[in-house]
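Participant: Predicted model and sequence follow; I will ask about them next.
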Amino acid sequence: MPPSRPIASQATRSVAPHSVERLLNLLEAAKGHFGTGAVASLENLLAQLRQKKFGDPAALIRFHEALLFFRAFPPGASLIPKLEQLLDTFHERVDHIQHLGADMSAFDDFDTSGIAGTVMQDALSFDAVRWLARRIPRQTEIAWDDYLDDSQNERALASLWPRLMPLLAEDSDVEANIPWTRWLDSARGRERPLEWLLRRFEQSPVEADPGGRSGKIRGKQEKERQTDQEKTFAHDQQDRARAVLYDALRLPVRWRLDNLRMSRTRNWQRPRAFYYHREPLIIRSQVSLAHELSQPAPRLTRLSLRDGQSVMHFIREVMAVRYRELYGTTLGDSASVVRVSLGRGVVIHLWNLPPSRRLPLRAYVAGFTLKNGVPINYIEAIGLCEWIEVGFNTFYTYRQGETAWIYAQALRCLCAFTGARCVSVYPYQIGQNNDEAIESGAFWFYRKLGFRSGRADLEQLARREEQKIAANPAHRTPPRILWQMAEAHVFYDLDGCDLDQHDFADEHQAAGTTVEERTFKRRVGRLTKAAGFSPSGAWYTFSTRNLALRVNRRMAREFDGVSVRIREASVDAVSRALGVELSDWNPAERLAFENWSLVLALMPGLRRWRPQEKYDVAHMIRAQAAPHEMRYLHLTQRHRRLRAELLRLGSSKIGPSKTRTAQTGRPAP
């Protein structure tokens, strides 16, 4: 580690009064101060700021974010009770500034929302709002004042509410200026409006076919006794249908955070043991991703169902107060949660989706990181075979806090959990339609960790930029170039396709040079000689979207654009090709087979696969509907022939004339 930076000056420790602005500048600068006296200096700053009355929302937000940062990255034990006391009473400062008549809109941004004492409003999905209304019923209400002045919203009410209220169609079908809230008040009795509405949607009869959308694969009929797993699957499928109806309303919901534990201000946990930062934080140039990924796999501890449910409630709180709603955080499977302790106060939780909510083809993982009990990011990974696409978002407050090292640990955990060997990053993460990523130079964050572009032209562009930087360290990549380089995924291949991997033999610094600098200079020196490069990674041009578009083009060409017809035909053709009898498959398994049959029907040689290959693919499909989603992903990694066909069909470099369907033998564009 580099030597500790000098601690704050004597002026910081003095009792002489300072302006709020001056004190906040010193507090934020203290994030980089370590060593003897740093804790005492920080305590003195906190004591002075505690006495200040804030009148400016921006200054109060700065104070809030600094408190949370030090709660996650504390330099000493004595600070914890002081930080927590300031956070536990922070709502009083928000109340004070509101009573002064300050503009509260500053508290309602993506990066600043969720502070205790503030109010939030959003049009949440059915699953998210149902959870929120049960979690904090007294603080949650419908925001009618921001809804009923929109004619499109009234059309949605006219379409859906007659399902819930007798004779409402007498008004909704023909009248103007309908008193919607009066209708609701007359129907709900003493129940809260939002609770009544959600309950009525939950109880509304909907049509759902839990055995799949193709009527030919129902197998055992309803008269046979369902297992608990089948009942749960059927219920969840009906919930999905109800969600489609509710979400069409786009009903805004307002919730008050008061001094709730779920507010971003207080939504931290007590860790088993604190980690105190008495030395400088690990910066990106000290992180070797290859070294971290070469370490023994971390220990994944599966939690009990009860503990898993607590984790899922916690992450939903974390996301709700940040105006974020992720598929896997809203709908995660409590029975699949694993916990990983990684040292330095870092704990990562990962989980999958329940069978009824899984994607048609890819496996799904979501997660988040706790730093000394404080949630600092969220994680998403979606993959097939040995490839995963990873999304990683560190919350704004904590981006100065060992982001690269924690990202490396997240990849370690994901690779151990999924068995992945090829990691890709979404273009959005590096700047596609993302101004914040462009401004922060996110592309270079991943590039200097060892990622490279999946497109040859963009890889060459990145190398030219590297040569300019090597020749002139003051060179800064223009935004227009960053926009270009963000047009495609970047990849990291654990099996050695990455040209830079051998540069990361260890993370020890050579004389006077950081790992990042040493690698960068070697890379540029080598790559100036590699003029003929083209990406060679197997997954670099693959996308499940390519597979799905092939299926849809076939539907348009052969089935007159009718979804039910292509589903029925694919199930019929593939079940015969594999020799599979679906009558003994449960509803979730039959739905998984239906989805996979759409892709397998594009493989002309399916009938000629060896018996073991056919058995293995059927076994894999059934595993997709089983309790443990990762077992399904691991089975996709073992089926070489299936993997080869998926890559052939799903890679953009494949020409349309080379594919024939299993059913007709005709080309499938």
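Facilitator: Thanks, I have it. Numbering: from 1, shown residues only.
Participant: okay, Glu668: pLDDT?
Facilitator: Not quite, residue 668 is Ala, not Glu. Per-residue confidence at Ala668 stands at 41 (pLDDT).
Participant: where does the chain have low pLDDT?
Facilitator: 1-18, 208-226, 496-536, 653-669 (pLDDT under 70).
Participant: Now for it: which strand has the highest residue count?
Facilitator: For the chain, the longest strand by residue count, based on DSSP state E, is strand 374-384.
Participant: send the alpha carbons of stretch 131-139 over as PDB?
Facilitator: Output of stretch 131-139 as PDB, limited to C-alpha atoms (Å, rounded to 0.1, in the frame of the first residue of the first chain):
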ATOM      1  CA  TRP A 131     -45.000  -5.300  -1.700                       C
ATOM      2  CA  LEU A 132     -44.600  -1.600  -0.800                       C
ATOM      3  CA  ALA A 133     -48.300  -1.200   0.300                       C
ATOM      4  CA  ARG A 134     -47.900  -4.200   2.600                       C
ATOM      5  CA  ARG A 135     -44.500  -3.000   3.900                       C
ATOM      6  CA  ILE A 136     -45.500   0.600   4.800                       C
ATOM      7  CA  PRO A 137     -49.300   0.700   4.500                       C
ATOM      8  CA  ARG A 138     -49.800   3.900   6.500                       C
ATOM      9  CA  GLN A 139     -47.200   5.900   4.500                       C
END
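Participant: Pull up the pairing partners for the longest strand of the chain, direction included.
Facilitator: strand 363-371 (antiparallel), strand 387-394 (antiparallel) (DSSP bridges).
Participant: winner for burial among those?
Facilitator: Mean neighbour counts were compared across those using mean count of other CB atoms under 10 Å; the top stretch is strand 363-371, at a mean of 25. All C-beta atoms are positioned from the backbone trio N, CA, C, and that covers glycine.
Participant: got TSV for the strands paired with strand 374-384, with distance to Ile142 too?
Facilitator: Conversion of these to TSV gives the following (distance: least, CB to CB, whole Å):
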stretch	distance to Ile142
strand 363-371	29
strand 387-394	29
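Participant: Out of those, which is closest to Ile621?
Facilitator: Closest to Ile621 of these, according to CB to CB: strand 363-371, at 12.7 Å.
Participant: how far does that closest one sit from the chain's center?
Facilitator: Distance of strand 363-371 from its chain centroid, counting by CA atoms, centre = their mean, to the nearest Å, is 7 Å.
Participant: Could I get the CA-only coordinates of that strand as CSV?
Facilitator: Output of strand 363-371 as CSV, limited to C-alpha atoms (Å, rounded to 0.1, in the frame of the first residue of the first chain):
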residue,chain,number,x,y,z
ALA,A,363,-30.4,-18.1,-16.5
TYR,A,364,-30.6,-15.0,-14.2
VAL,A,365,-28.7,-13.8,-11.2
ALA,A,366,-29.2,-10.7,-9.1
GLY,A,367,-27.4,-9.4,-6.1
PHE,A,368,-26.0,-6.6,-4.1
THR,A,369,-23.1,-5.7,-1.9
LEU,A,370,-23.0,-4.7,1.8
LYS,A,371,-20.0,-2.7,3.0
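Participant: Which helix or which strand is home to the closest residue to Ser563 other than its chain neighbours?
Facilitator: Sequence neighbours aside, Met555 is the residue nearest to Ser563 in space, at 6.7 Å (criterion: CB to CB, 6 or more residues apart in numbering). Following DSSP states H and E, one finds Met555 within helix 544-558.
Participant: Next, the angle from that helix to strand 387-394.
Facilitator: If you take axes from the mean of the first three to the mean of the last three CA atoms, to 10 degrees, helix 544-558 sits at 120 degrees to strand 387-394.
Participant: And helix 544-558, how far out from the chain middle?
Facilitator: 27 Å.
Participant: now do stretch 637-651
Facilitator: 26 Å.
Participant: Next, the buried residues of that stretch.
Facilitator: Gln637, His639, Arg641, Leu642, Arg643, Glu645, Leu646, Leu647, Leu649, Gly650, Ser651 (16 or more other CB atoms under 10 Å).
Participant: Pull that stretch out as PDB, backbone CA atoms only.
Facilitator: Taking C-alpha atoms only, stretch 637-651 is exported to PDB below (Å, rounded to 0.1, in the frame of the first residue of the first chain):
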ATOM      1  CA  GLN A 637     -22.400 -25.700 -20.100                       C
ATOM      2  CA  ARG A 638     -22.000 -29.500 -20.500                       C
ATOM      3  CA  HIS A 639     -23.900 -29.900 -23.800                       C
ATOM      4  CA  ARG A 640     -21.300 -29.300 -26.500                       C
ATOM      5  CA  ARG A 641     -23.600 -29.900 -29.400                       C
ATOM      6  CA  LEU A 642     -26.300 -27.600 -28.200                       C
ATOM      7  CA  ARG A 643     -23.800 -24.900 -27.400                       C
ATOM      8  CA  ALA A 644     -22.400 -25.100 -30.900                       C
ATOM      9  CA  GLU A 645     -25.800 -24.800 -32.500                       C
ATOM     10  CA  LEU A 646     -26.800 -21.900 -30.300                       C
ATOM     11  CA  LEU A 647     -23.600 -20.100 -31.300                       C
ATOM     12  CA  ARG A 648     -24.200 -20.800 -35.000                       C
ATOM     13  CA  LEU A 649     -27.800 -19.600 -34.800                       C
ATOM     14  CA  GLY A 650     -27.300 -16.700 -32.400                       C
ATOM     15  CA  SER A 651     -24.200 -15.100 -33.700                       C
END
